[in-house]
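Student: I'd like to go over a predicted model; first the sequence, then the structure.
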Amino acid sequence: MSTDKLDTTDDTNTAEVKKEIDASENVVTVFDLASEIEDSLKDIQEKIKDQDARFKQSVSNIEEVVEKLKG
């Protein structure tokens, strides 16, 4: 009886175990997902605050120009 088949089977099992380990490293938990969403929402809030400040400044500038035109 040849031992070549046994060696091949061991290599296959080892490869399967490595695949399972690699797959488990790619698992995303609910906590990871929630953290990612929270970070994204914080970034969006920062952008909205910046845009709001720029908008208010633009409105203020327009109001100043209108007042100068009236006077």
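Tutor: Happy to help now that I have it.

Student: which SS state does Lys49 fall under?
Tutor: Look at Lys49: counting by DSSP: H, G, I helix; E, B strand; the rest coil, its state is helix.

Student: number of nearby residues for it?
Tutor: Using other C-beta atoms under 10 Å, Lys49 is surrounded by 10 other residues. C-beta: built from backbone N, CA, C; applies to glycine.

Student: state the distance from it to Lys42.
Tutor: 11 Å (C-beta to C-beta, to the nearest Å).

Student: can you check Val65 too?
Tutor: From Val65 over to Lys42 (counting by C-beta to C-beta), the distance is 35 Å.

Student: do Asp52 as well
Tutor: 16 Å.

Student: Asn26 too?
Tutor: Counting by C-beta to C-beta, the gap from Asn26 to Lys42 is 25 Å.

Student: among those two, which residue is more densely surrounded?
Tutor: Using other C-beta under 10 Å as the criterion, Asn26 and Lys42 rank with Lys42 on top: 10 against 6.
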